[in-house]
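1. need a structure here:
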Amino acid sequence: MMDWSYVAGFFDGEGSVTRHGNGYRVTIPQTNFEVLQKIMQSATVGHVVGLRKRQEHWKDCWMYYITKQSDVELFLRHIAPHVLVKKKPVEQALKNLRPFLIKQKVKQALSISRKKKAIQLRGQGYTYREIGKRIGTDWGYARRLTLR
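-> Model prediction:
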């Protein structure tokens with residue numbers, strides 16, 4: 001298990017946190033596969049993938065990346081106290097991620113409650129159109145909720 005201060009130093013030197021759509025992405029490119037594997041195992045989030053060489057004489061290269069927003073927030077929260085060079089982008093990302101993740105949790109809770117209600121109404125014999133009207137959505141979405 002690697003120390004978070006080591007991971008933060010590695011991230012400071014090689015990594016980046018960038019906007020990606022509505023969220024953020026953490027990446028660390030490196031020619032040493034084993035180090036990235038150990039970082040991934042310590043962080044318990046993200047993936048390591050091989051990158052294609054753009055020039056034949058270049059070394060093999062891999063990238064550790066995290067795109068799932070809750071995982072990005074977890075990773076950044078752990079390295080934030082130890083980061084020096086990239087402190088400002090890390091703090092900005094954390095500041096922006098918190099409301100995004102709260103909104104995501106609310107949407108997920110609404111989806112779960114809609115699904116339960118749709119299944120219950122379908123069991124009572126309601127049509128998809130009737131279910132859609134009752135849960136405040138279109139009939140196609142109501143149908144998908146009951147079939148999942």
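
2. Only C-alpha atoms from now on, for both contacts and neighbour counts.
-> OK.

3. where's the residue of the chain positioned farthest from its centre relative to Gly13, distance?
-> For the chain, the largest distance from the centre (CA atoms, centre = their mean) belongs to Gly125, which lies 38.4 Å off. Separation of Gly125 from Gly13 (CA to CA, to the nearest Å) stands at 61 Å.

4. Mind splitting this structure into its structural domains?
-> 4-85, 106-147 (automatic domain parsing).

5. contacting residues around Gly46?
-> Met40, Tyr64, Tyr65, Ile66, Thr67, Lys68, Asp71 (CA atoms under 8 Å, 6 or more residues apart in numbering).

6. Filter those down to the buried ones, PyMOL style.
-> To isolate the buried members of the contacts of Gly46 in PyMOL, using 16 or more other CA atoms under 10 Å:
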select buried, resi 40+64+65+66+67+71
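
7. Distance from stretch 52-64 to the middle of the chain?
-> 25 Å (CA atoms, centre = their mean, to the nearest Å).

8. what about that stretch, start to end distance?
-> 14 Å.

9. Can you mark which positions in it are buried?
-> Trp62, Met63, Tyr64.

10. how close does the first one sit to Ala43?
-> From Trp62 across to Ala43, the span is 17 Å (CA to CA).

11. where do the helices sit along this structure?
-> Taking DSSP state H as the test, the helices found in the chain are 4-14, 33-43, 69-79, 87-123, 128-135, 139-147.

12. who wins for proximity to Val49 among these?
-> For Val49, the closest of the helices of the chain is helix 33-43, at 9.2 Å, according to CA to CA.

13. Quick one: mean pLDDT over that closest one.
-> Taken as a whole, helix 33-43 carries a mean pLDDT of 94.

14. Give me the contacts around that helix.
-> By CA under 8 Å, 6+ apart, helix 33-43 touches 1-2, 7, 28, 30, 46-48, 61-64, 75.

15. Could you tell me which residues make contact with the residue positioned nearest the centre of the chain?
-> By CA atoms, centre = their mean, the chain has its centre lying nearest to Lys68, at 1.0 Å. By CA under 8 Å, 6+ apart, the contact list for Lys68 reads Arg25, Gly46.

16. From Gly125, how far off is it?
-> Counting by CA to CA, the gap from Lys68 to Gly125 is 38 Å.

17. try Tyr24
-> 44 Å.
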